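In: This is the structure alone, sequence omitted:
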C-alpha cells in the first residue's frame, strides 16, 4: 500500500523568505502526486499536481513542486512567501487502476507560520 | 464546474447522541464520493467512499456509517457519538478524468462534549 510522509509538522518562515515543504512517498510505480492547502476552518484547495512528463510542475499562488523519482520525493517550493500563505499543507498520492476508485492517501500535513 | 455543499457547517453534540452530516454535489453526475475526518494533528483519514447509489465502502472500523440515497448525496451518520468522533469532516468528489484528483467541500466541524 502507498504511504506519504511529511517530515515537518510545523515550519516558520519570515515573509519574503523562500520556502520548501518536504514530502516523501512510498509506492512501487509512478504515483499521481498532489499538494493541497487548507486555511483554518476551510476545505482543501488543490495547489498543483503531477501525473507524468516534466518533473517540475507549476501551481497556483506561485508554488512549484519537483518530482524526484530517485528520492521518492515531491517537495513544494515557493521563492518568496507572503503572509497569506500561512496555512496547512498536505501532500497526497493516488495510484492508477480501476480498483483504486480514485482514492488518495494523505500525509499528516505541515503547518506553515509566516512572520512579518 | 463542481460545487460541494456540506451541512451543517458546525455542530456541537453530547456524547451518546445521534449524528447526521450531509454532503451534496452539484455540477456532475455519478461521482465517486468520499468522507474524510481530520482530527487535530492527525492529517486526513479516509472514512468511506462510494462509487454509486447504495454502494458504500468503509476504510476503517469505527462508530460511524455512511449512506448514499441519491446520486449526488452522501450522508455520514452515527447512532451514538463518542468523544473521539470530534473532528473536521470533509466530503470530496473524484474528478474522474483527472488521475485521482479530488475536489473538497467546505467541511463540518463536529465537537462532541
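Out: On my side now, so go ahead. No experiment lies behind these values; they were computed from the predicted model shown.

In: Residue of chain B closest to chain A, please.
Out: Chain B approaches chain A most closely through residue B:100 (2.9 Å), counting by CB to the nearest CB. Bear in mind the C-beta positions are built from the backbone N, C-alpha and C, glycine included.

In: so that residue, which of the three states?
Out: coil (DSSP: H, G, I helix; E, B strand; the rest coil).

In: show me what contacts the closest residue to it other than its chain neighbours?
Out: Spatial nearest neighbour of residue B:100, excluding adjacent residues (CB to CB, 6 or more residues apart in numbering or on different chains): residue A:94 at 2.9 Å. Residue A:94 is in contact with A:31, A:32, A:33, A:34, A:100, A:102, A:103, A:104, A:105, B:99, B:100, B:101, counting by CB atoms under 8 Å, 6 or more residues apart in numbering or on different chains.

In: these two touch, right, the residue of chain B closest to chain A and residue B:49?
Out: No - applying CB atoms under 8 Å as the test, residue B:100 and residue B:49 come out as separate, 11.7 Å apart.

In: who's more crowded, those two?
Out: residue B:100 (26 against 23; other CB atoms under 10 Å in any protein chain shown).

In: show me what contacts that one?
Out: Residue B:100 neighbours (CB under 8 Å, 6+ apart): A:32, A:34, A:94, A:95, A:100, A:102, A:103, A:104, B:94.

In: Look up the closest residue to residue 39, ignoring the ones flanking it.
Out: Because you didn't say which chain, this covers chain A. Nearest non-adjacent residue to residue A:39, counting by CB to CB, 6+ apart: residue A:87, 4.9 Å away.

In: think we crossed wires, I meant chain B
Out: Nearest one to residue B:39, counting by CB to CB, 6+ apart, is residue B:87 at 4.4 Å.

In: Right, I'll leave it there.
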